[in-house]
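Colleague: Make a model of this:
(one chain, ligands or ions: 1)
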Amino acid sequence: MSKVIRIGTRDSELALWQANTVKNKLEEFGCRCELVSVKATGDLILDQPLYELGITGIFTKTLDIALLKGEIDIAVHSMKDVPTSLPKGVVQGAILKRGNPHDLLVHKGLDFLNAEGIVATGSLRRRAQWLHRYPLHEITELRGNVNTRLEKFRTHNWDAAIFAAAGLERISLLPEQYSTLEWMIPAPAQGAMMVVTMEDNSYCREALGPLNDRETEICTTLEREFLKTLEGGCTAPIGALALIEEEVMHFKGILLSLDGRQKLEVQDHGNIEKVAHSGKTYAEEIQKQGGIKLMSEIKAQLGK
Ligand SMILES: NCc1[nH]cc(CCC(=O)O)c1CC(=O)O
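Modeller: Have a look, this model is predicted:
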């Protein structure tokens with residue numbers, strides 16, 4: 001077989017790292033690959049908060065279009081950026097072994113935690129969880145790719161900024177002062193990469209098979225099932241994390257109000273088979289706690 005698999009990637013440092021990781025793995029299994037750079041709208045539109053753009057697949061849209069047009073054979077996405085429903089004809093080819101799923105606080109000293117502080121993030125989920133824990137703090141908008149955000153943090157007078165650990169670790173950008181936010185529930189599938197291809201591309205589907213990490217697939221599928229049941233196509237402060245430790249599966253899921261005052265949560269652990277298929281049930285528990293009303297308030301506040 002002498003087919004060359006064209007791997008679509010965005011051109012941020014993190015996207016290139018992720019695409020190269022997939023390329024190296026495929027080559028280990030004897031495939032030939034090349035990277036194809038595709039410009040994504042998420043990198044271009046920066047003057048409006050993401051949630052106002054009303055597009056859940058903003059980071060993945062352009063690569064998916066290139067895939068549908070046949071310009072590339074596979075696309076590598078940060079799985080947390082992939083909408084819970086894939087475009088028609090596009091299928092999950094592999095989910096790679098997850099990196100660090102947690103969020104990190106990059107800071108200039110932690111004294112501000114017990115006082116007033118300004119924390120930078122563009123994420124509704126991080127903002128709400130931060131304000132829930134530190135109601136006296138102020139959140140300032142911070143967007144752009146990881147490099148841009150870190151640079152903005154360095155040049156502004158903010159006390160801290162929140163990042164996905166996996167993003168900083170992958171491109172070796174861990175700054176001098178940071179702490180892992182173990183208490184903060186990450187975005188569903190944070191730290192995992194999903195490779196997608198076309199349903200009818202049996203060559204790529206077969207080639208991607210060995211790259212799949214079953215444990216990551218089980219955990220992220222559960223987290224996304226929880227998200228899908230709750231969100232109903234709307235961005236909201238939702239977090240979910242599933243971990244398997246010594247054959248026991250642990251799950252935590254949350255939904256907060258935008259201002260962080262209200263927090264609904266569900267926690268469980270148990271047999272992998274049982275917990276892995278309870279994503280919808282966990283979301284329904286949140287809905288029973290007041291989640292349906294809260295979601296409609298969030299939608300109204302975001303102007304949807
Ligand atoms: N939404 C942007 C995004 N998408 C994936 C990552 C990092 C890698 C990951 O979490 O898988 C980031 C950066 C961040 O949230 O700080």
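Colleague: Once you drop chain neighbours, what's closest to Gly89?
Modeller: Once flanking residues are discounted, Gly89 sits nearest to Glu199: 5.4 Å by C-beta to C-beta, 6 or more residues apart in numbering. Quick note: C-beta positions are derived from backbone N, CA and C, even for glycine.
Colleague: any idea how far the one you found is from Arg205?
Modeller: For Glu199, the distance to Arg205 equals 8 Å [C-beta to C-beta, to the nearest Å].
Colleague: of those two, who's got more company?
Modeller: The neighbour comparison of Glu199 against Arg205 (other C-beta atoms under 10 Å) goes to Arg205, with 17 against 12.
Colleague: Can you read off the backbone torsions of Leu16?
Modeller: phi -70, psi -40 (degrees, to the nearest 10).
Colleague: Give me the distance between it and Ile65.
Modeller: Leu16 is 19 Å from Ile65, where distance means C-beta to C-beta.
Colleague: what about the one helix or strand Trp17 maps to, distance to the chain center?
Modeller: Element membership for Trp17, per DSSP states H and E: helix 13-28. Relative to its chain's centre, helix 13-28 lies at 18 Å (C-alpha atoms, centre = their mean, to the nearest Å).
Colleague: Which residues does it contact?
Modeller: 5, 7-10, 33, 35, 74, 76, 78, 96, 145-147, 167, 170-171, 193, 195, 207-208, 211 (C-beta atoms under 8 Å, 6 or more residues apart in numbering).
Colleague: redo that, cut-off 6 Å
Modeller: 7, 9, 33, 35, 76, 146-147, 167, 170-171, 193, 195, 211 (C-beta atoms under 6 Å, 6 or more residues apart in numbering).
Colleague: now, which of these sits nearest the ligand?
Modeller: Of all these, the ligand sits closest to Gly167, with 3.2 Å by C-beta to the nearest ligand atom.
Colleague: Over to the residue nearest to the spatial centre of the chain: give its phi and psi.
Modeller: Residue closest to the mean C-alpha point of the chain, counted by C-alpha atoms, centre = their mean, is Lys80 at 2.3 Å. Per-residue torsions, Lys80: phi -70, psi -20 (degrees, to the nearest 10).
Colleague: how close does it get to Leu168?
Modeller: 15 Å.
Colleague: What of Pro101?
Modeller: 13 Å.
Colleague: quick one, which of these two is more surrounded?
Modeller: Applying other C-beta under 10 Å to Pro101 and Leu168 shows that Pro101 carries more neighbours, namely 24 against 21.
Colleague: my guess is that one meets Ala192, correct?
Modeller: No: counting by C-beta atoms under 6 Å, Pro101 sits too far from Ala192 to count as a contact (7.7 Å).
Colleague: Now list whatever residues contact both of these two.
Modeller: Joint contacts of Pro101 and Ala192 (C-beta under 6 Å, 6+ apart) do not exist.
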